[in-house]
Each structure stands twice: as C-alpha cells, then as structure tokens.
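A.B. asks: give me the fold of what follows.
(one chain, ligands or ions: 2)
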Amino acid sequence: MTLVSMFDAVQDATRAGGLGAFNVISIEHAEAIVAGAEAAGRPVVLQLSENTVAYHGSLAPLALACLSIASTTNAPVVVHLDHAVSVGLVHQAVGLGISSVMYDASALPHDANVAATTDVAAWCHSRGVFLEAELGEVGGKDGVHAPGARTDPVEAAAYVEATHVDALAVAVGSSHAMDTRDAELDYGLIRVLAAAVDVPLVLHGASGVPDAGIVAAVSAGVVKVNIATQLNKVMAGAVREALAADPKLVDPRKYLGPGRDAVTAEVTRLLELLTVSP
Ligand code: 13P
Ligand code: ZN
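C.D. replies: Ligands and ions are numbered 1, 2, ... in the order given. Now for the predicted structure:
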C-alpha cells in the first residue's frame, strides 16, 4: 500500500528533483504511469482533470481504479484532482479518498478567486487534504498558461498568504496542450517566484517544454511538473503503429497494450530526467 500524501511527495521532490504529475484519461494511462514510476524508482502523481471526468461522465470509476492501482504498487503514488472548477467535484473527490486537489478559480475576478480559494483551502485543510491553486486569468482561452502570461511575484506571495494554499501553479512561459516541445520558459522569474512564495511551484503545460527546459525549470525552483499531452502523443503513436501493422486487428489489448508500454517507457524517461538536484 503506497498511496502517499502530496505533502510528503513534494517534500521528497524538493530533496531529489521534480515531482512528475501525469494526467490519467484511461485505465491504461494509470497502469503505465505507475509502471513507469516503479521502473524509475520515483514517486509519481496520477491526476484526473475535470475535463476527463466530463469525458467519462463521472469521477468514481476512474478515481477508484487509480486509488486501487496506487495501493498495490511499491512506488509512492499520489492521486490528485486536476483543474477542478466545481467545488462539488472537489468534495466528491475527497469523499472517494483523493487527498490532493487543484481548485482552479483562475477564471474568476481576482477578489472572487481569493475568496473562493480561501474557502476551499479551509475545507481541505480541515480534512488533511492538499490544495493547489492559481492566480487569475490573463486573457485568452488558456488563461494564465499562455506563452505571454507571467505570474507577478508580489501578487503570488500575497495570494498564497491570503488563501493558505499548499502549492501554486505559475505562469512562466508554458502553454497547455502544445504538440511541439519548444516553449521558452522564464527561468529568472521561476527563481524570483521560488524565493517569494513559500509553497511549492507547479509548472503546467510541461509537454511543450523541451527536456533541457524541464531540467532547468526544476533547478530554478519548480517542484511539481504537470505533463499530459506528451504521454498522449506517445500513446497515440504506438496505437497507430500497431493498427497500421495489422489492418485486421480488432482486439483492443493488441493496440492499447503497445500504447500502454510506450507510455510506461516515456514516464520512466521523464521521471529520470526530473531526478536532478534543485
Ligand atoms: P500538457 O498537456 O500541456 O502537458 O498540460 C498538462 C497540465 O498542465 C495538466 O494540468
Ligand atoms: Zn494544467
């Protein structure tokens, strides 16, 4: 049983490098991510986004599968709710046994974000739950995770102090769902933010950041590194290859299996990459 708390995982990460947080869409993702963590000998975060919950129609089936997979591996695993806009979903996740959540009020006006996040933080802390959050939207559909968006260090420090969140997602040059790995991060800003804010920093949209950029971000002070699209690219590539190799293939195990294996190898590689001294 190695389901661990995010409080412990981020502490371990600050000693040994970054903490890889990977998005789960199918049960194969969860199996692959945990197998990758076992191979790398590193802790890992399985995260379920509100969008993925909407895709499945409910949280419980995939969340319970993740909790079950986490409890039967040797690797330390955190199960985390990612980008929850709905407070009801946060309550549901915690009720199911998820002990870490990202409450995303970044689309709200600043004062409303602070008020709502403060309430959710108090609710979470009275139950021992870890809360990640982020500052307000800077325009564009991608909110703060847009190439030009930047988190202001003074605002960030005030936000963390006011809300009592346990981790802060920061805008430092990455953007969600990039299919190229050429985002240029602002490492100077990461260093300033890490000094200004006394909770771990979270890099969202890390699929668009090249390997060297991920290493540099961790060295500059990022702790949790969120990666989704990169795994989906790797999975889709392997599934496409398996289907193309045999046009008669119909058994999902024969194409999802190679997809899962490819994700395992990529998670192992990324977790080894993240094992750097900050
Ligand atoms: P990417 O899909 O761009 O890696 O983003 C992941 C993420 O930020 C999940 O919260
Ligand atoms: Zn994100």
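A.B. asks: in the stretch 151-278 of the chain, what residue is nearest ligand 2?
C.D. replies: His204 (3.4 Å; C-beta to the ion). All C-beta atoms are positioned from the backbone trio N, CA, C, and that covers glycine.
A.B. asks: interface residues of the stretch 151-278 of the chain facing ligand 2?
C.D. replies: 204, 226 (C-beta under 5 Å from the ion).
A.B. asks: that's a helix at Asp261, yeah?
C.D. replies: Yes - residue state for Asp261 (DSSP: H, G, I helix; E, B strand; the rest coil) corresponds to a helix.
A.B. asks: let's see the pLDDT reported for it.
C.D. replies: Listed pLDDT for Asp261 reads 99.
A.B. asks: cool, Glu272 as well?
C.D. replies: Taking Glu272 on its own, its pLDDT is 97.
A.B. asks: number of residues surrounding it?
C.D. replies: The tally of other residues near Glu272 (other C-beta atoms under 10 Å) stands at 16.
A.B. asks: what helices or strands is the host helix or strand of it leaning on?
C.D. replies: Taking DSSP states H and E as the criterion, Glu272 maps to helix 252-274. Judged by 3 or more C-beta pairs under 8 Å, 6 or more residues apart in numbering; DSSP states H and E, helix 252-274 is in contact with strand 19-23, helix 27-40, helix 211-220, helix 229-245.
A.B. asks: most packed of the ones you listed?
C.D. replies: Stretch with highest mean neighbour count among the helices and strands packed on helix 252-274: strand 19-23 (a mean of 27; mean count of other C-beta atoms under 10 Å).
A.B. asks: where does pLDDT dip in the stretch 1-150 of the chain?
C.D. replies: In the predicted model, the stretch 1-150 of the chain carries pLDDT under 70 at residues 1, 137-146.
A.B. asks: list phi and psi for the nearest residue to Thr2 once chain neighbours are set aside.
C.D. replies: Excluding the flanking residues, the one nearest Thr2 by C-beta to C-beta, 6 or more residues apart in numbering is Pro76, at 5.1 Å. Backbone torsions of Pro76, given as degrees, to the nearest 10, read phi -70, psi 120.
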